[in-house]
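Asker: this one's sequence-less:
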Ligand code: 13P
Ligand code: SF4
């Protein structure tokens, strides 16, 4: 039996469901859809994991996505193809240093990006993902709250500019989006004057300023059908191009440049940790669960769940 058939058999036998992010390899995305699971942005993944009745969730993505699923459904077994698959934003925001940063700003409401560890979430008032961040910050600003934001400095800068909120920012960044180059993107736009520019807000301001659409992975995906343009320049992990091409097979998708003139690698935008998810590691996770299971202390789950539930309740109120 081949690996895909073996994974399908294990999913069925274990009553498990495969949940994947748009950045993981195409075969895993397709398999998730084919077997009754889902592919989505981080907010959609969290919502799906929470409401699905499966007793085992196999989360193909990075560690914070698996942790979020476990926090929202402690009674479920949450497996990940590779528990070492982390995120530079998570690595760059250690819990003890974050506690000191918070202590310096006791007047602030603490809002953290979903791309953080459970320990960071447990120290916060709100968790947000890129798809809901602007709405939640706007709401907090409107109610007069000063905000401590962590860890992504580019998303923080974008939110501060868009909402006018008073925000102090942790200085983290995503190694993938940080690489996009504004000047090179301007050349690419000149070369494809009819192209629409789609940018994930983890990108630097010099890149965001060229964007026609700024949004989460799901928002960038919906834009390719919403707009009639036949060409799109895409500034996010190239994993998303798979779903974009499936959705609009006749359109052209150009990865935004990550390097200057003369460089051999024009777009190397692949998250190294998302790439740790393979079909083989999906199968291994189902067969050897103990080495792939997300385990968190009940007290940590309790504390980290509150800010995530704040986000999910807000999402329900605004129909997101
Ligand atoms: P989304 O919530 O937009 O899918 O983003 C997750 C992520 O890690 C982007 O780098
Ligand atoms: Fe983290 Fe960036 Fe990878 Fe997303 S693409 S998981 S933000 S390192």
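Answerer: On my side now, so go ahead. All of these numbers come straight from a predicted model, not from anything done at the bench. Ligands and ions are numbered 1, 2, ... in the order given.
Asker: in three-state terms, label residue 149 for me.
Answerer: Following DSSP: H, G, I helix; E, B strand; the rest coil, residue 149 is assigned to strand.
Asker: that one and ligand 1: what is the separation?
Answerer: 16 Å (CB to the nearest ligand atom, to the nearest Å). (Glycine included, C-beta is placed from N, CA and C.)
Asker: and residue 39, by the same measure?
Answerer: 10 Å.
Asker: residues contacting that residue?
Answerer: Neighbouring residues of residue 39 by CB atoms under 8 Å, 6 or more residues apart in numbering: 20, 21, 22, 29, 32, 33, 243.
Asker: quick one: the strands in the stretch 151-300 of the chain?
Answerer: With DSSP state E, counting those that start in this stretch as the criterion, the stretch 151-300 of the chain has strands at 167-169, 196-199, 213-214, 231-235, 252-255.
Asker: mind listing what's buried in the longest one?
Answerer: The reference is to strand 231-235. 232, 233, 234, 235 (16 or more other CB atoms under 10 Å).
Asker: mind checking how far residue 94 is from ligand 2?
Answerer: The gap separating residue 94 from ligand 2 is 16 Å, by CB to the nearest ligand atom.
Asker: near that residue, how many other residues are there?
Answerer: Close neighbours of residue 94, defined as other CB atoms under 10 Å, add up to 14.
Asker: tell me the phi and psi of it?
Answerer: Backbone torsions of residue 94, given as degrees, to the nearest 10, read phi -70, psi 150.
Asker: tell me the contacts of residue 280?
Answerer: residue 3.
Asker: circling back: which one of the buried residues of strand 231-235 is nearest ligand 1?
Answerer: Ligand 1 has its nearest neighbour among the buried residues of strand 231-235 in residue 235, at 11.1 Å by CB to the nearest ligand atom.
Asker: tell me how far the closest residue in space to the closest one that isn't next to it in sequence lies from ligand 2.
Answerer: Spatial nearest neighbour of residue 235, chain neighbours left out: residue 256 (3.6 Å); criterion: CB to CB, 6 or more residues apart in numbering. Distance, residue 256 to ligand 2, by CB to the nearest ligand atom: 14 Å.
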